[in-house]
Every structure is written in C-alpha cells, then in structure tokens.
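*Asks:* predicted coordinates and the sequence they were generated for:
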Amino acid sequence: MSKVNLADKFALFDGFWEPKIAGELNNQYVKLAKLKGEFVWHHHEIEDEFFMVIKGHLTIKLRDGDIELNEGEFYIIPKGVEHMPVAENEVHVLMFEPKSTVNTGSADSDKTISNLERI
C-alpha cells in the first residue's frame with residue numbers, strides 16, 4: 001500500500017453512486033464515491049455506515065429527520081436505520097464499511113453494485 005491522494009483518486013472516475021475501493025483495513029474497505037441526485041431508501045441489517053464529505057454538501061434523509069453534512073464532516077448511520085442519501089450537486093464522499101456491505105443494503109435496485117472496482 002502506498003499513500004493515497006484523495007483528489008487524484010476522485011479524478012479517476014466520473015460515475016455517480018458507484019463506490020470504488022481505495023484501500024482496506026481490518027476487514028473493511030475504504031470507499032470513495034461521487035454522488036448526485038437521490039439514492040434509494042434502504043438500511044443495512046448488520047453494518048454501520050460511515051459517510052465523510054470530502055467535497056460538497058450531502059443530505060442524509062432519515063425517517064425522523066435529515067442530517068446535513070458539509071465538507072470535513074461525517075456521520076455514522078447505525079445498522080438497521082433506514083436512510084436515503086441526497087446530493088443536490090456533485091458530492092465526493094469517503095466511506096468505511098465492512099467488506100460485506102452492499103451499497104443498497106436491504107433494497108433491490110438498479111443502483112446495486114455487486115463487484116466494486118479498485119482504484
């Protein structure tokens with residue numbers, strides 16, 4: 001493993017809602033993703049989910065209120081909590097997730113990514 005420059009890694013891809021593996025530690029992936037628009041309502045049965053905004057502004061909709069994240073802020077969504085990320089404009093996020101985490105969790109969606117690309 002060599003050092004990682006986040007700006008360089010984000011420059012390698014353009015697609016939205018398609019997480020990429022940038023590293024791994026302790027049976028978890030370090031994922032990078034570009035987000036724009038609405039995702040799908042979903043939850044993760046056995047995994048917490050960590051979202052850190054690197055660039056832009058992200059809204060994480062929860063059934064009981066919204067979480068607003070700006071650059072340099074993060075939020076951990078506990079397992080079992082239904083949520084839907086929304087990005088009005090392009091957002092760059094860093095995520096730490098167990099290797100078993102599927103991006104759409106409990107939802108079956110055309111946005112489900114089964115095989116993650118390494119960058």
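*Replies:* Nice, I can see it.

*Asks:* quick one: buried residues of stretch 40-54?
*Replies:* Residues 40, 42-44, 47, 49-54 are the ones in stretch 40-54 that count as buried (16 or more other Cβ atoms under 10 Å). C-beta coordinates here come from the backbone N, C-alpha and C atoms, glycine included.

*Asks:* please verify my assumption that residue 118 contacts residue 21.
*Replies:* Yes - taking contacts as Cβ atoms under 8 Å, residue 118 lies within contact range of residue 21: 4.6 Å.

*Asks:* ok, those two, which is more surrounded?
*Replies:* residue 21 (14 against 9; other Cβ atoms under 10 Å).

*Asks:* now do the contacts for that one.
*Replies:* 29-31, 116-119 (Cβ atoms under 8 Å, 6 or more residues apart in numbering).

*Asks:* quick one: the strands in this protein?
*Replies:* 20-25, 28-38, 49-55, 58-62, 65-69, 74-77, 83-98, 117-118 (DSSP state E).

*Asks:* for the residue nearest in space to the middle of the chain, name its beta-bridge partners.
*Replies:* In the chain, the centroid-proximal residue (Cα atoms, centre = their mean) is residue 95; its distance is 5.1 Å. Judged by DSSP bridges, the bridge partners of residue 95 are residue 31, residue 51.

*Asks:* which residues are in contact with it?
*Replies:* Counted by Cβ under 8 Å, 6+ apart, residue 95 has contacts 19, 29-33, 49-52.

*Asks:* with residue 78 instead?
*Replies:* Contacts for residue 78 (Cβ under 8 Å, 6+ apart) come out as residue 48.
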